[in-house]
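Have a look at this prediction, sequence included:
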Amino acid sequence: MHETPPPAAAVAAADAAATRAAFRLVFPGVMVAMFLAAADQTILASALPSIAAEQVALADLSWVVVGYLLAATVAAPLYGYLGDRYGRRQMLLMALAVFTAASIACVFAPNFLWLVLFRALQGLGGGGLMTLAQALIGEHVSPRERGRFAGYFATVFALASTSGPVLGAYLTEHFGWRSVFVVNVPLGLIAAMLALRIPTPRVSPGRRIHALDVPGALLFSIATTCLLFALTSGGHRFAWWSWPLLALLGTAVAGFVVLFAWERRHPDPVIPVRLLAMPAIARSDAVVMCFAAVMFPFILYLPLYLQLGRDMGIGASGASLLPVTLAQVVASAVTGRLVTHTGRVTIFPKVGLTIAAGALLALAAGAGSLPLPVFMALTMAVGIGLGMVMPPTQVTVQMAAGRDALGAATGLISLSRALGGACGVALAGALLFALIDAPADRAAAVLHRALEGGAGTLTAMPESLRTELAERIGGAYRAVFMLLAVFAAIGAGLAWTIPTSDWKR
C-alpha cells in the first residue's frame, strides 16, 4: 500500500518540477533578452570617451545614455501593462524587434543628434526586455523558487556588466565605437528564436479587459521627459534657477500630480498606483531607484575617470571595471541562493546599500590620491553592496503583488530602475561636466586633446597643465562619488523600513 506524501513534500516536488520546466523553456529566452538590456549600458561605457573625441560637448555626452534611459523609463510600465493584457511572450518579441532594429540604426547614425535619437528608439525596445523577462519568470515559477531565479537574473545582469566593458573597450579600440552596436543584432535574433519556445499560459476566464489607458501613458511620458530634460540641462544649458528650468520642473511636478489623480480612478491604469499603496512595494521600488541612481552613473563614468584621471588606455580602463562587476556577479548569485535557502529577504538590501555607501564615501575622500590597488578594492566593495539589492527586492515586490498583478508590479520595478538610473546619470553627469568642462581655460581646453590622444596624452603634457587637469578631474569625481554615496545612504535608510517578507522553511 502506497502512503500519500505529506502536503509539504508534495508542494516541494511540484515546485521542483515547475522550476525544471521553466528553466528548460523559459529561462534561456529571457536570459538572452536580459543580457542584451544589461550589456548595452556597460558596453557603451568604454566607448563614451571615443564618442566625446568627435568634438561632442562634454556636457551633452550624457544624452547618449540619458536618451536611452528616458525612453526605457517611459516604455517599462507600458510593456508590463500590455503584457498583462495581450501576453508577455508576444510583447517580449516586439521589444526585441524594436531594440535590434534601433541597434542597426545606431551603427549608421550620421551625427551625434541622430545617435541620441536612435538610442532613444533603442530604449523603447530595451525598456521592455527586463520588465517582461522578470514577469515571465514570475508567471511560470512558484513564489518559493523566485529567489533562486532572481539570483540567476542578477548573475546574468552582472555577467553582462562584466563582459560589456571589456568587449566594448576591445571593439572601440580596434573597430571604432559604432561596432559596439553591431553585437546586438545576432544576440537579438537568438533571443527572439528562444522566446518562441516560451509557452503561453491561458488567460484567466474571469478577468475583464478595460479600455487602454492612453491619457495615463501620455501624462507619464510628458512628465518624465520634462523631469529628465531639466536634470540634464541644469548648470550648462539653463542656469539652475532660470525660468526655463523652473518651468520644466514645474511641468514635471504638475504632470505627475495629474497622472496620479487620473490613475487612481482608471480601472486598468498604466501606472498601477494602487500597488504603491502597499508599503512593501512602494518602499522596495524606492530602494531600487536609489540602487540604480548609484549603479548606472558609477559604471558609466568610471572609465572616463580612469582615462582622464589615471591616464589609462581604452582597453585598460574597460578591464578595470572587472573588479566591480565581478564582485556584483558573486554577490548577486550568493544573495539569490541565500534568499531561497534561508527564507530571509529584507536583510540583504539593508546591508548591501550600507556597504556601498561606505565604500563611496571612502572613494570621495580619496579620489585622485588613492593608490590604484586601494581604489580598485573600494570599487569592488561598491559592487558587492550593489549585488545584494536586486534579487531580494524583486522577490519582495512579486510576493506582495500576487500572480494577477505580476506584470504591473514587475513593470514598476523596471520603471523604478530606469527612472532612478536616468536621474542618477543626469544629475551625476551635470555635476561632473559642470566641474570638469568649466569656462574655457587651459585645463578645459586640453580635455578633448586627452580624449583624442588616448593613453600617454596626459604624461606628454607640461607638468603644470597635467597637475591642473588632474586636480580638476579629482575634484569633480570627489563630488560625484559623494553624490552617489548620498543616494546609497538614502536607499539603505529606506530598506530598513520595508515590511519583513521573510518566510519559514
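In hand now; what should we look at?

Any idea how far the helix or strand containing residue 430 is from the middle of the chain?
Element membership for residue 430 (DSSP states H and E) is helix 406-436. Computed by CA atoms, centre = their mean, to the nearest Å, the separation of helix 406-436 from the middle of its chain amounts to 7 Å.

and the longest helix for this structure?
Longest among the helix segments of the chain by residue count, using DSSP state H, is helix 463-495.

Which elements pack onto that helix?
Helices and strands touching helix 463-495, as assessed by 3 or more CB pairs under 8 Å, 6 or more residues apart in numbering; DSSP states H and E, comprise helix 279-308, helix 347-366, helix 406-436, helix 442-453, helix 457-460. All C-beta atoms are positioned from the backbone trio N, CA, C, and that covers glycine.

Let me know the angle separating the helix holding residue 430 from helix 279-308.
30 degrees (axes from the mean of the first three to the mean of the last three CA atoms, to 10 degrees).

Next, the angle helix 463-495 makes with helix 406-436.
150 degrees.

Please name every helix or strand in contact with helix 406-436.
Helices and strands touching helix 406-436, by 3+ CB pairs under 8 Å, 6+ apart, are helix 58-61, helix 63-86, helix 112-140, helix 214-233, helix 273-276, helix 279-308, helix 390-401, helix 463-495.

So for residue 186, which of the ones you listed sits nearest?
Proximity to residue 186 (CB to CB) singles out helix 112-140 among the helices and strands packed on helix 406-436, at 15.8 Å.

Give me the distance between the closest one and the centre of its chain.
Shown here is helix 112-140, whose average C-alpha point lies 11 Å from the average C-alpha point of the whole chain (CA atoms, centre = their mean).

Next: stretch 377-396.
In this view, stretch 377-396 has its centroid 13 Å away from the chain centroid, taken as CA atoms, centre = their mean.

For that stretch, measure first residue to last.
The straight-line separation of the ends of stretch 377-396 (CA to CA, to the nearest Å) is 31 Å.

swap in stretch 176-188?
Start and end residues of stretch 176-188 are separated by 21 Å (CA to CA).

Residues contacting that stretch, please?
Residues outside stretch 176-188 that contact it (CB atoms under 8 Å, 6 or more residues apart in numbering) are 32, 35-36, 40, 43-44, 47, 50-51, 96-97, 99-100, 103-104, 106-109, 167-168, 171-172.

for that stretch, which positions count as buried?
Within stretch 176-188, the residues that qualify as buried are 177, 178, 179, 180, 181, 183, 184, 187, 188, counting by 16 or more other CB atoms under 10 Å.

Would you convert the helices and strands packed on helix 406-436 into CSV that also reports mean neighbour count, distance to residue 348 and mean pLDDT?
Conversion of the helices and strands packed on helix 406-436 to CSV gives the following (neighbours: other CB atoms under 10 Å; distance: least, CB to CB, whole Å; pLDDT from 0 to 100):
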stretch, mean neighbour count, distance to residue 348, mean pLDDT
helix 58-61, 20, 34, 65
helix 63-86, 26, 23, 78
helix 112-140, 25, 17, 82
helix 214-233, 20, 29, 81
helix 273-276, 17, 22, 79
helix 279-308, 25, 11, 86
helix 390-401, 27, 5, 79
helix 463-495, 20, 9, 84
